[in-house]
Each structure stands twice: as structure tokens, then as C-alpha cells.
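**Student:** Quick one, what's the 3D model for this:
(2 chains)
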Amino acid sequence: MGKDLEGFSGSAAAIDSSNVGFKLLKKHGWQEGTGLGISQQGRLEPVETHLKNNKRGLGADKVKKKAIKRLDNATATASNDKCDQERPSKKSKALSKKMRKLQEFERKLQEKEFERAFFREFWPDNV
Amino acid sequence: MGTERKRKLSLFDVVDETSVSAKIAKSNGGGAAMNHNAGNNLINSWTGRPYSQRYLEILEKRKTLPVWHQKEEFLQVLKSNQTLILVGETGSGKTTQIPQFVLEAVDIEAPDKRRKMMIACTQPRRVAAMSVSRRVAEEMDVNIGEEVGYSIRFEDCSSAKTVLKYLTDGMLLREAMTDPLLERYKVIILDEAHERTLATDVLFGLLKEVLKNRPDLKLVVMSATLEAEKFQGYFFGAPLMKVPGRLHPVEIFYTQDPERDYLEAAIRTVVQIHMCEPPGDVLVFLTGEEEIEDACRKIKKEVQNLGDQVGPVNVVPLYSTLPPALQQKIFDPAPPPQQEGGRPGRKIVCVESLLVSPISKASAHQRSGRAGRTQPGKCFRLYTEKSFNNDLQPQTYPEILRSNLANTVLTLKKLGIDDLVHFDFMDPPAPETLMRALEVLNYLGALDDDGNLTKLGEIMSEFPLDPQMSKMLVVSPEFNCSNEILSISAMLSVPNCFVRPREAQKAADEAKARFGHIDGDHLTLLNVYHAYKQNNEDANWCYENFVNFRALKAADNVRQQLVRIMARFNLKLCSTDFNSRDYYINIRKAMLAGYFMQVAHLERTGHYLTVKDNQVVHLHPSNCLDHKPEWVIYNEYVLTSRNFIRTVTDIRGEWLVDIAPHYYDLENFPQCEAKRVLERLYKKREKDREENKNRK
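**Tutor:** Residues are numbered from 1 along each chain as shown, chains lettered A, B, ... in the order given. Below is the predicted model of the structure:
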């Protein structure tokens, strides 16, 4: 249960000084801009959570971004790099194919989600 | 198929078998270490009965575990220190053996000589606490629940005789609430400390205080990975002992390029291993149930397509939601060759990781270690070596930095720790995380405006549940429906009770529909519970109605425990007359009194928006509603490709302002869509009032 909620705290807007929790923490002796802990060594910002909704492997996201950049350079400077030249023509086709694939994936996920609801966590908590 | 891989040298030491056995022989030669004298070596000092044959057989096996040849050393360090840190890779035998060593060497007689004190060994997982304690009871030749017991939420299997208790870290924390100095324990062992669960982290800070006040108490912190310096620094520079795991060399392979699709890559790699590698089983780490089932199916299919070229495979899924009987399948042996002299079979187990995020270097290291437990192994990492070095963080974030801390703060307050800001956390959470927890507890009325625990908060902290659910239970007598709220809470605390086998989906859906309550899933759960009781808790009835008997039995047990807590605080057990039209209304109102922060509103555009943080959400397809209510409370927020709210019940807008006006107070609401939604509600309310006046 707790894990499902994780995204929550990460995605919500930062807390301002009118918030009850903010006021309460101040009453507990917290000073703005400092961390918690015995020597105020704690981190200042919560750990960010990201929603991963593809199956790309570790490091594959970054390469993709780089590749797109390289592509732009290539079209601008008309580079002779074979690999880069081939890509623009494929790009549009790949895009629509990708969209279709994405939609398909989305639909499949929804169907599965329904089935999974029936075989949920055998024990919801560790404790 | 031909993925090229980079070779990397082994990270592990090879344990020299001959030196191990020599050392074991030496340590056993002493005899004194066993704490028995030669004469009654065959009598179990715990039970006074002669040891069984099985005990002696197991003992021989135990003596080959790596921890055994450091037994003397361990007991020496334990004797001369209050705290010690023991690092041992999984497979060293530390979880089962160390508590027994402690038991043999430490005098557990209480100062008043009237009773025995206990040794505690914490586990992050309840399954581990149960299975390890059973194993240890067997090793000690005693009955489980007697000298050796376990204690997990809603299940205490220990007695006055118990001297060694395995318990979840959460349970030990709970015990500290009534026994702040943990005086029933002589030695506390925090096992799997590297997992850094929320409860273990809180215990760290708590035990540091307790140790100062109890010079006679000893603490052993056991961890599988080397964050040694951090642990040592935190625990007053405690001595560190290392136990080698029994590991053979493991070769590590990386991919040359990042994988576009890790699942497809995993399947391809498994098939490749099956085709090319010598006999040996395969363990595949995936992110969850869905992926695991998918992978299992595809691997089977791919291997089938290869026909006689390869040996048979046994592909086994393993995830927490799988019924225990199916989980046991991982212990089945690999299948035999199909014909004599045929290619050997292989077992492939697909398991789930606890956290769906890139692994840390430390966990990657630990996982690769699993390949070398019984023979030299290979580890295939589906990313590049560069990614390993540059993209992975060294350690996984401890749970305390990733979780909602409402329950933790309530526990800390109950433990008398008021200075949360300067509490000695090993890794203090961010201020914002603590603010959110304080906010929730203040809205629930568990903390007053100065942050002090209220009477209500004190009672709430006694329930081993989320604060929202505790609140709902504590106030339910005011709504004259505590019996029903108890049943609903119990049903929400156990695994999903509806069974939907693939081959009988339609029948299962029809069966579920018969329990359905059009106003919500919570009420549907109540119907199931009532039907179960009316049918005399009959397993056959459950089977015929596609209801999980075990889940219902567990719910009934949970309910009994909750009733006991209610009784302790004189909370009345009551029900509204079933024929009254208020019967369900009272229940829904009581639920709202706990879950008023988990409300979603139906927007004109047809989707739901959470009041708390304006997230677009959808009713989970498993819901039983026959309509889309304007307002719903939900039990769970499920983040997937779509944001779902699961287990929802229809509530009325006007109840929000009646029951939780302090939360639905527009002045304190930040400017956002939720506020506009509420303004609409207030206007509607005003209009209603006016109309009422006019009518009069």
C-alpha cells in the first residue's frame, strides 16, 4: 500500500509556510533551510520518484536523446555519415508505428490491469 | 541471438574447502563452546529429552556453514562489546546460526532469577520470520512456538517458554511502545540491516538510546553488504566482523549496447543460456507479476520452438501475490532429460524485485553473488559496464527516504520521542516528508496544533494499521457501526479475497457480482464477510463462490485481534439496525471520518480528480459500482500507465463539510482546482439551505 503512494509525495507541489505540517515542524524546533537529524545532516529535498512507462533498458534512454540530437546536426550540416542519413526517412514511419505500438501497449495494459486486480498482493504489508 | 558480451573478472573470493573443514574441526574440538558437558551431550537442555536422530543429522550439516568456523571469534567479540556489526553474504548461515550461538553463550536468566529473558532476531519480511523460526526450532529439536517462536503482525506464535523469538522489525518496534527499554530481551539481533526498511531504521535510532540506558543489553547488527563504515560510524564505532559467504567465482557479463527492451533482452538471454551454457539453473530478476508471467510464457514458447535441439525447461514464476503453494514450486528439481542421454533439463525461476527502479551497485553485487552459491556461476547484466559505473547509485535509498511517514511519526510520538527534528536517524528524511506526515496526523486529530499526541492519537497508535484506518475504527462507535467497520478493516488488511481462475472467469465474475453492493467496494467486502460467517466459515462454500478461503480466514483472525484492541480502550461494539435506512449511510460516514483525505471528485469532463493533489484518476476496473458517483473515497491509489483508485465507495458531498470541515476549509486550501470544486459544493449547500428556508 505504501509503495503505491510513493509517487504522491514526490509529485505534489512543495509545501509552503501556511501548511499545517510546515508550522508543526517549526514548532518541533526545525529551522527553515536546515536538514533533520542529530547534526542537521539530513537531505533537504525528498527523493524524486519517476514513473517509468516503457521497457527501455538502463542507459537506453540517454542514448536515444543523444541520437536525436545527432540527427538534427546531421540534417543541418548534411553530414556524410551513413547511419545518420538513413534515419530521417525512417523516422516518420517509425513514429506512426511507435504510436500504434504505444496504443496497443496501453490497451493491453488496461486489460491486464483488470485481471491483475484479482490476483493482488498476497500480503499487503511486511509488518 | 548472438549478443556479444564483455567479460569481467570475478568479484568474489573462492572459499578454500580444505581450510574451512580444518577450522571447523578445530573449533569443534574445544567442546566447551557447545556449552554441554560430555556426559549429557545427547540430552536437549531445553526440553530435557534426548536429541533426535534428525537433530544430529542437521547438526552435521550446520557445522559446514561458514559462520561456524568463526563461532569462537564471534562469541569473544560479543562478550567484550555491547554492540557489534556482523557482515556476511547471504548463504553464510548467519540468520539461523548466530541467534543459536548467542543462546548457547549468553546467560538469559533475569536478574530476579524468576524468569528467562529472550533473544530477539528481527526480519524485514514476515515470511522470513516464520520460515526461519521453523527451521531453527527444528535445528534445536524443539517445537515451534515453545522455546523458539515468532511474532508477526496479527500472529503471535510464542509462549512463556520462548527464549528465541524471530519477529518482524515492525513488531519489535510495536513491542517498544509498551516496553520502552525492551526489558524482556537480553540480546537484540537486527538481521538484514542492509535492507534498511523503515522499521529497522527507526529501531536503529531507538536502540541507540535504549543501549545507553541498559548496559546489560547487547545489540548485533547483521548485514549482507559492506556499508561497514557508515554502520560503524553510526553505532559508536562498534567492532565489525566479516563472515565470508560460501561463494564460488562468478563471471560477470555486460551487454555491448544498452537494451531497447529489457524484457525482450532478458528472454533472449535466458534462451541463449539454455542453448549454450552447461547444466545449471537460471534466476531472472524482473520488476513485477505481469512481467514475470509474460516472461515465463515467452521463454516456454521459445524453448518449445527449438524442439529437440535443447533440453527441457521448467519455468517457475515467483512473486509475492502468488499463493504460497505455488511459491514452493521453486524448490522443485530441474526436469530430467527427455530421453536417455538427451540434453539435461534446466530450471528457470523468474523473481520480482521489491522496488521498480534501476538497481544500485550494491544490490547488483548481491544478486550476482547468488550465482555462486553452489558452484561457479555467471551473471548476465542487461546493461553496459559503462552504465554500471556511471548510471547506478552506489546504494539503494533506504525506505525512510522513500515512504509516507505518517505511521512512523505516530509510533515515534507514542514511544515518547518528541524531538523528531533531532532524532538520531541514520539517514534523516527530508523536512518536507516529515511535514506531510505531521499534516496528516494533525488533520486526523492524532496530533494537536502543538504537535503533541492527543488522546485519540494515543489510541490510534495502538492499532497496527494505517492512521486513516485506525481513526475510522476509533470513531466508528460514534456512527453506531463499529462491528461493520471492524469487518471492513479486517477485509482491507488481507489479500484480495476474490478468486478468478483463467478457466472460469465468467463464473467467477458472476459470483463476485452476487456480493456486489452498488454503493461501493468496501460494502461489497462487508457482504462477502457476512456471507462467509452465515455459511459457517465453510471452505467448500468459499470454493463454490470463488472466494479465497485463506483470505477470509485471515480476515476473521485480524478482526478478532482488532476487537481485542477495541476492548482494551472500551470502544463500544455496536451496529445500526440492518433494516434501518441509515445502516449503510452510517458505515459510509464512519469510513469518511478516517479517509476524508482520500477523496476524489467526478469532474464534468467525466474523469475523477483527487482532492488532495488534483491528480486525474480512474476508477479501477474491478469496482462494483453501477454508476459513477460524484464523490468517492478510495482505499488505494495505484500508479501504473493510468492512475487508478482501487476499492472505492460512493459518499455524499455534504458529508465532507459535516465530518471534516477542518480539512475542507476553503481558507486553508491552496488555490487549485480542488478549491474550485469545493466552492461549488459550498454554493450548492448554501442553495439547499436557502431552498429549505423558502419551503418553510
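**Student:** any idea which element the closest residue to B:Ala430 other than its chain neighbours lies in?
**Tutor:** Of all residues beyond its chain neighbours, the one nearest B:Ala430 is A:Pro46 (4.4 Å), with distances taken as CB to CB, 6 or more residues apart in numbering or on different chains. Backbone N, C-alpha and C define where each C-beta goes, glycine included. If you go by DSSP states H and E, A:Pro46 is not part of any helix or strand.
**Student:** Lowest mean pLDDT among the helices and strands of chain A, which one is it?
**Tutor:** helix A:2-11 (a mean of 38; mean pLDDT, DSSP states H and E).
**Student:** The following helix or strand past it and chain B, any residue contact?
**Tutor:** Where DSSP H and E defines the elements, the next helix or strand beyond helix A:2-11 is helix A:20-27. Yes. Using CB under 8 Å from any CB of the partner chain, helix A:20-27 reaches chain B at A:20-22, A:24-25, A:27.
**Student:** so which of these comes closest to chain B?
**Tutor:** Using CB to the nearest CB, A:Gly21 is the member of the residues of helix A:20-27 next to chain B that sits closest to chain B, with 3.3 Å.
**Student:** show me the contacts for that closest one.
**Tutor:** A:Gly21 sits next to A:15, B:434-440, B:442 when contact means CB atoms under 8 Å, 6 or more residues apart in numbering or on different chains.
**Student:** State the phi and psi torsions of the nearest residue to B:Asp521 once chain neighbours are set aside.
**Tutor:** Excluding the flanking residues, the one nearest B:Asp521 by CB to CB, 6+ apart is B:Thr647, at 4.5 Å. Main-chain torsions, B:Thr647, degrees, to the nearest 10: phi 60, psi 80.
**Student:** cool, B:Tyr543 as well?
**Tutor:** Dihedral angles (degrees, to the nearest 10) for B:Tyr543: phi -60, psi -50.
**Student:** Point me to the helix or strand that includes B:Lys186.
**Tutor:** strand B:185-190.
**Student:** do B:Gly245 as well
**Tutor:** Applying DSSP H and E, one finds B:Gly245 in no helix or strand.
**Student:** Tell me the predicted confidence for it.
**Tutor:** Note on B:Gly245: pLDDT of 74.
**Student:** Count the residues that sit near the nearest residue to it once chain neighbours are set aside.
**Tutor:** Nearest-residue entry for B:Gly245: B:Glu89, 2.8 Å, with adjacent residues in sequence omitted and distances by CB to CB, 6+ apart. Neighbourhood size, B:Glu89 [other CB atoms under 10 Å in any protein chain shown]: 24.
**Student:** wait, doesn't B:Glu89 sit right on B:Val250?
**Tutor:** No. Counting by CB atoms under 8 Å, B:Glu89 stays clear of B:Val250, with 11.4 Å between them.
**Student:** roughly how far apart are B:Val87 and chain A?
**Tutor:** Using CB to the nearest CB, to the nearest Å, one obtains 23 Å as the distance from B:Val87 to chain A.
**Student:** which element is that residue on?
**Tutor:** Assigned by DSSP H and E, B:Val87 falls in strand B:83-88.
**Student:** Ok, A:Phe105 next?
**Tutor:** Judged by DSSP H and E, A:Phe105 forms part of helix A:82-117.
**Student:** before we move on, back to that, OK, contacts around the residue nearest to B:Asp521?
**Tutor:** So B:Thr647 contacts B:492, B:521-522, B:525, B:620, B:623, B:634-636 (CB under 8 Å, 6+ apart).
**Student:** now, which of these lie within helices?
**Tutor:** B:492, B:521-522, B:525 (DSSP state H).
**Student:** what is in contact with B:Glu89 and B:Val250 at once?
**Tutor:** Going by CB under 8 Å, 6+ apart, residues that sit against B:Glu89 and also against B:Val250 are B:Gly369.
**Student:** Excluding covalently adjacent residues, which one is nearest to the residue in the stretch 351-500 of chain B that chain A sits nearest to?
**Tutor:** Closest contact between the stretch 351-500 of chain B and chain A, by CB to the nearest CB, is at B:Pro428 (2.8 Å). Sequence neighbours aside, A:Gly42 is the residue nearest to B:Pro428 in space, at 2.8 Å (criterion: CB to CB, 6+ apart).
**Student:** re the thing from before, surely the residue nearest to B:Ala430 meets B:Met435?
**Tutor:** No. Using CB under 8 Å, A:Pro46 is not in contact with B:Met435; the gap is 10.1 Å.
**Student:** contacting residues around B:Glu293?
**Tutor:** Contacts of B:Glu293 (CB under 8 Å, 6+ apart): B:Pro317.
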